[in-house]
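Undergrad: everything below, folded, please.
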Amino acid sequence: MKKTSVLLISILLILVLLIVSLSSLYIVRPKEYVAVRQFGRIVHIEDQPGLKLKMPFVQSTQRISAATILYDIPASDVITKDKKSMISDNYVLWRVVDPTLYIQTLNAVSGRAEERIEAAVYNSLKKIISSMTQDEIIAARGERLTNLITEDANADIQVYGVEIIQSQIKALDLPDDNKEAVFNRMISERENIAAGYTAEGEAEAQKIRNDADREVAIMKAEAEKQAAQIIGEGEAEYMAILQEAYNSEEKAEFYNFIRSLDALKESMRGGEKTIILDKDSALAQLLYGNLS
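TA: As a prediction, this is how the structure comes out:
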């Protein structure tokens, strides 16, 4: 009986030690905060992964995600500076950066955090969109507009211990009843731009053609001038050679006689011809065989 009592006491002691040990240990996982609370008050925030110790029965733990969270914000209407209505569809990437503030203000409830984030993003989006025209918004879509909204929204939610990493616009569209008119205007503008480019291209092409024609005309005139000059020089040289070749009376008479024969030959071309010659001319004497 005594041995049974000792055994029971030993088992109870082991159980008590085990319970105490388990209540004094806790595990911190990667991408996680653990708030250690004593009588409801936060006494420590642990953010390093591993096995940790706390005071058993006196201290409790509260786990908070330190991971980046994706929240898809419902689409909302916004008005541009030039009074154009647009529909914005956003999502945000957010995370807890100050667990103490997060617990104190929102009791570490992610749903409450996302309500605050949604309101902050909408207010920032409305403020920024209302300061820009529709054309400016279209031109700024992308990183610039994302950075403006993210920076402005973060200024409103930092009191909750959370941070917006990125507020990204998935779609920024026109209401259905405005789309066709805007698309037609955009098509007309693009056609006007294309027509302008076409006109500029045609004007440039005509200028190139005119320049080419002018250069060709100049080159042709210069070539004709050089050809005329060469012909003139050749004829002058020819006349000089003739003058030198027939510089005596006998040579001159022979030259004239040869020219007369050439003229007679040319006049006889083209069929039957009748030639009337003076009977005393050298050609007539030659034809009669009287030329000596």
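Undergrad: surely Leu174 meets Met86?
TA: Yes. The criterion here is Cβ atoms under 8 Å, and Leu174 meets it with Met86 at 6.0 Å. Every C-beta, even on glycine, is put in place using the N, C-alpha and C of the backbone.
Undergrad: distance of Phe57 relative to Glu204?
TA: Noted for Phe57: a distance of 89 Å to Glu204, by Cβ to Cβ, to the nearest Å.
Undergrad: neighbour count: Leu174 and Met86, which is higher?
TA: Met86 (19 against 16; other Cβ atoms under 10 Å).
Undergrad: which non-adjacent residue is nearest that one?
TA: Nearest in space to Met86, with sequence neighbours left out and distances taken as Cβ to Cβ, 6 or more residues apart in numbering, is Val78 at 5.4 Å.
Undergrad: for stretch 39-53, buried residues please.
TA: By neighbour count on 16 or more other Cβ atoms under 10 Å, the buried set for stretch 39-53 is 46, 52.
Undergrad: before we move on, what about stretch 124-137?
TA: Applying 16+ other Cβ under 10 Å to stretch 124-137 flags 124-125, 128-129, 132, 134, 137 as buried.
Undergrad: of the residues you listed, which belong to helices?
TA: Among the buried residues of stretch 124-137, the residues falling in helices (DSSP state H) are 124-125, 128-129, 134, 137.
Undergrad: which pair in these spans the largest distance?
TA: Ser124 and Gln134 (18.4 Å; Cβ to Cβ).
Undergrad: now for the lengthiest helix in the chain, which elements pack on it?
TA: For the chain, the helix that runs over the most residues, judged by DSSP H, is helix 176-245. When contacts are defined as 3 or more Cβ pairs under 8 Å, 6 or more residues apart in numbering; DSSP states H and E, helix 176-245 sits against helix 249-267.
Undergrad: what mean pLDDT does the helix it packs on get?
TA: Here helix 249-267 scores 67 as its mean pLDDT.
Undergrad: wait, Leu106 touches Ala113, no?
TA: Yes. With contact defined as Cβ under 8 Å, Leu106 and Ala113 form a contacting pair (5.4 Å).
Undergrad: the more surrounded of these two?
TA: Ala113 (22 against 19).
Undergrad: and the helix or strand where that one lies, what does it pack onto?
TA: Take DSSP states H and E as the rule and Ala113 turns out to sit in helix 110-129. Where contact means 3+ Cβ pairs under 8 Å, 6+ apart, helix 110-129 is packed against strand 69-79, strand 85-96, helix 99-106, helix 143-157, strand 162-173.
Undergrad: redo the ones you listed as TSV? Include mean pLDDT and distance to Glu235.
TA: Below are the helices and strands packed on helix 110-129 laid out as TSV (pLDDT from 0 to 100; distance: least, Cβ to Cβ, whole Å):
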stretch	mean pLDDT	distance to Glu235
strand 69-79	90	90
strand 85-96	91	86
helix 99-106	95	109
helix 143-157	89	80
strand 162-173	88	84
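Undergrad: thinking again about what came up before, what's the farthest-apart pair in the buried residues of stretch 124-137?
TA: Going by Cβ to Cβ, the pair spanning these furthest: Ser124 and Gln134, at 18.4 Å.
Undergrad: just the ones in helices among the buried residues of stretch 124-137 now: which is nearest Gly196?
TA: In terms of Cβ to Cβ, no member of these lies closer to Gly196 than Gln134, at 22.4 Å.
Undergrad: which residues touch that closest one?
TA: Gln134 is in contact with 80, 82, 84, 86, counting by Cβ atoms under 8 Å, 6 or more residues apart in numbering.
Undergrad: what's the most distant pair in those?
TA: Spanning the widest gap among the contacts of Gln134 are Asp82 and Met86, at 10.9 Å by Cβ to Cβ.
Undergrad: and the ones in helices among the buried residues of stretch 124-137 as JSON lines, adding distance to Glu233 and pLDDT?
TA: What follows is these, written out as JSON lines (distance: Cβ to Cβ, whole Å; pLDDT from 0 to 100):
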{"residue": "Ser124", "distance to Glu233": "89", "pLDDT": "92"}
{"residue": "Leu125", "distance to Glu233": "87", "pLDDT": "90"}
{"residue": "Ile128", "distance to Glu233": "84", "pLDDT": "90"}
{"residue": "Ile129", "distance to Glu233": "84", "pLDDT": "88"}
{"residue": "Gln134", "distance to Glu233": "77", "pLDDT": "81"}
{"residue": "Ile137", "distance to Glu233": "78", "pLDDT": "82"}
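Undergrad: with that, I have no additional questions.
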